[in-house]
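Chemist: I'd like to go over a predicted model; first the sequence, then the structure.
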Amino acid sequence: MKRKTPRSLAIEILNRVEDGKAFAEPLLDQYLTTDLLDHIRDRGLLTELVYGTLRMRGFVDWVLAQFLQKDLTANDTGLRNILRTALYQIFFTDKIPDHAIVNEAVELTKIADPGKVSLTNAILRNVLRRKEELPFPERRQEFRSYVSILHSHPTWMVDRWVRLWGEEETLSLCQANNTVASTVLRANRLHMRREGVIEELNREGITVGKTAYAPDGLIVREAGKSLRDTVAYGQGLFQVQDEASQMIARLVNPVAGETILDLCTGMGGKATHLSEMMENRGRIIAVDLRKSKLRQLQDLTKRLTVRIIEPVAADATIDLDMVDHNSCDRVLVDVPCSGLGTLRRCPEIKWRLTPEILQSNTRLQEKLLNRAGNYVKPGGRLIYSTCSIMPEENEEIVEAFMATHPEFILVFPTDVESSFLDDRGYFRTFPHRHGTDGFFGAVMEKSGQERKGL
């Protein structure tokens, strides 16, 4: 197979992210596991170009606009991404000479759009001459524009966060969103405690440390090879999962032998964690509308040797034939959401999301939570969670639900760090406060006789 340059592959990925609405992470993983690149350093450059350009897209688009009287790239995704990656390198990398950046962009333009070669060359050389003169907004005078441009977030998002948390908190959050998130693992306690997994990975050249909060979590410090190439991975000793995501299973706090309903299971990261906590004793009904996700779940359960999960392909917004009302000890509804707590890992989200899409999410979330409450037995618990930091996807959904379902009351979780809980018992994590993804959780109990183990 013919080798390609990291820059040409980055353009391919960015084009697919923008035009095809794909997500960068699986695409990048697909490219990195082929023989398209020769060296580890090329793989690192490809990763930086893709994620760096996506993170700083607002910044580089603003710079580009200073050198175009009108947007000549509006209908040309390929040319736009060639210029974006070049501008990202000019402003945010220091290992690549400027002339090499320009030359590579020109060569890529010759392939993508030969008629625009002179435009690419002229824009980039003009940027190099004038980049110290650019009229960036001042923080004190134009705070929202300053954050939106310099820290590369949509203006509407910055406005919302300033109203919610103030200027300093918003600035810290945006800065954290543009950092590289650590790779975090979850030790599979069915096989080995995390101290043993640390030793096994160390023997394979993977340096890991313990997470600050999640008792099964491991942070990868240094990796000489892909985690998937390790013996430990093949043996099912760990699963990749952010620390905040791991804490959702702590909110569920399952007891071995219980019946658990995971209403929006996805590929099953949380369901398999619950199974491990239950020592493979009990029953977990894992529901998802997408059969492709359930196939991934089945592959995951096989690798992790999880045996108590029952995958079900169904629409959770309507009544489930296979689950009786008032039959489940605990119901987890980890709803589809904006993903605004995961911008370190999925920076493309901030350029796709709009206030209108955010609002449409809430209608689905309300439906799912209302359905979920039907399956909780008296004395059982309902756990609502998202990877969002927005109130309209989080506490506002929960409070609207409880207002129409007085049989449910909010309870304080007892198996998570108290610093994650506010005065009502809502669970929240933030990238800039905890170094994790941003997650929300609420635990509600259904009135009735209290069960043992709660």
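Modeler: Right, received. Where do you want to start?
Chemist: residue ranges for the strands of the stretch 251-400 of the chain, please.
Modeler: With DSSP state E, counting those that start in this stretch applied, the stretch 251-400 of the chain shows strands at 259-262, 283-288, 309-313, 328-334, 376-386, listed in chain order.
Chemist: same thing with the stretch 51-200 of the chain?
Modeler: Taking DSSP E, counting those that start in this stretch as the criterion, the stretch 51-200 of the chain carries its strands at 184-187.
Chemist: What ranges in it fall below the confidence cut-off?
Modeler: 71-74 (pLDDT under 70).
Chemist: From Ala256, how far out is Arg428?
Modeler: Here Arg428 is placed at a distance of 29 Å from Ala256 (Cβ to Cβ, to the nearest Å). Every C-beta, even on glycine, is put in place using the N, C-alpha and C of the backbone.
Chemist: Give the residue from those two that has the larger number of neighbours.
Modeler: Arg428 (20 against 12; other Cβ atoms under 10 Å).
Chemist: Apart from its neighbours in sequence, what residue is nearest that one?
Modeler: Phe440 (5.6 Å; Cβ to Cβ, 6 or more residues apart in numbering).
Chemist: okay, now the one you found: neighbour count?
Modeler: Phe440 sits with 25 neighbouring residues when counted by other Cβ under 10 Å.
Chemist: who's it bridged to?
Modeler: Beta-bridge partners recorded for Phe440 (DSSP bridges): Thr386, Arg428.
Chemist: Let me see the domain layout of this protein.
Modeler: In terms of domains, the chain is parsed into 6-133, 143-177, 184-240, 243-446 (source: automatic domain parsing).
Chemist: Wait, Val220 touches Leu185, no?
Modeler: Yes - at 6.7 Å, Val220 and Leu185 qualify as touching, with contact defined as Cβ atoms under 8 Å.
Chemist: Identify the contacts common to those two.
Modeler: With contacts taken as Cβ atoms under 8 Å, 6 or more residues apart in numbering, the residues that reach both Val220 and Leu185 are Val208, Leu227.
Chemist: more crowded one of these two?
Modeler: In this comparison of Val220 against Leu185, neighbours counted by other Cβ under 10 Å, the higher total goes to Leu185 at 28 against 16.
Chemist: so what's that one bridging to?
Modeler: Leu218, Val240.
Chemist: Can you name the residues that contact it?
Modeler: Residues counted as contacts of Leu185 (Cβ under 8 Å, 6+ apart) are Val197, Val208, Gly217, Leu218, Ile219, Val220, Leu227, Phe238, Gln239, Val240, Gln241.
Chemist: does the residue nearest to Leu27 when sequence neighbours are not counted count as helix, strand or coil?
Modeler: If you skip the residues right next to it in sequence, Leu27 has Ile13 as its closest partner in space, 5.0 Å away by Cβ to Cβ, 6+ apart. For Ile13, the reduced secondary structure class is helix; criterion used: DSSP: H, G, I helix; E, B strand; the rest coil.
Chemist: What's the separation between Ile13 and Ala214?
Modeler: Ile13 is 30 Å from Ala214, where distance means Cβ to Cβ.
Chemist: Could you check which of the two has the larger neighbour count?
Modeler: When Ile13 and Ala214 are compared for neighbours, Ala214 comes out ahead with 26 against 22, by other Cβ under 10 Å.
Chemist: That one and Ala249 touch, don't they?
Modeler: No - checked against Cβ under 8 Å, the pair Ala214 and Ala249 is beyond contact range at 9.0 Å.
Chemist: what's the neighbour count on Tyr31?
Modeler: Residues within reach of Tyr31, counting by other Cβ under 10 Å, total 20.
Chemist: Now it: closest residue in space that isn't a chain neighbour?
Modeler: For Tyr31, the closest residue by Cβ to Cβ, 6+ apart turns out to be Leu9, at 5.7 Å.
Chemist: SS state for that neighbour?
Modeler: helix.
Chemist: Quick check, it in contact with Leu28.
Modeler: No - counting by Cβ under 8 Å, Leu28 is not a contact partner of Leu9; they are 9.1 Å apart.
Chemist: which one of those two has more residues nearby?
Modeler: Set side by side, Leu9 and Leu28 give different neighbour counts by other Cβ under 10 Å, the larger being at Leu9 (24 against 19).
Chemist: so what pLDDT did that one get?
Modeler: The pLDDT attached to Leu9 in the predicted structure is 93.
Chemist: Please tell me how far it sits from Glu107.
Modeler: When Cβ to Cβ is the yardstick, Leu9 and Glu107 sit 14 Å from each other.
Chemist: How about Arg344?
Modeler: Taken as Cβ to Cβ, the span from Arg344 to Glu107 is 32 Å.
Chemist: Looking at those two, which one has more neighbours?
Modeler: The neighbour count for Arg344 versus Glu107, taken as other Cβ under 10 Å, is higher for Arg344 (21 against 16).
Chemist: Quick check: that one touching Leu173?
Modeler: No - using Cβ under 8 Å as the test, Arg344 is too far from Leu173 to be in contact (10.7 Å).
Chemist: Now the common contact residues for these two.
Modeler: With Cβ under 8 Å, 6+ apart, Arg344 and Leu173 have common neighbours Pro431.
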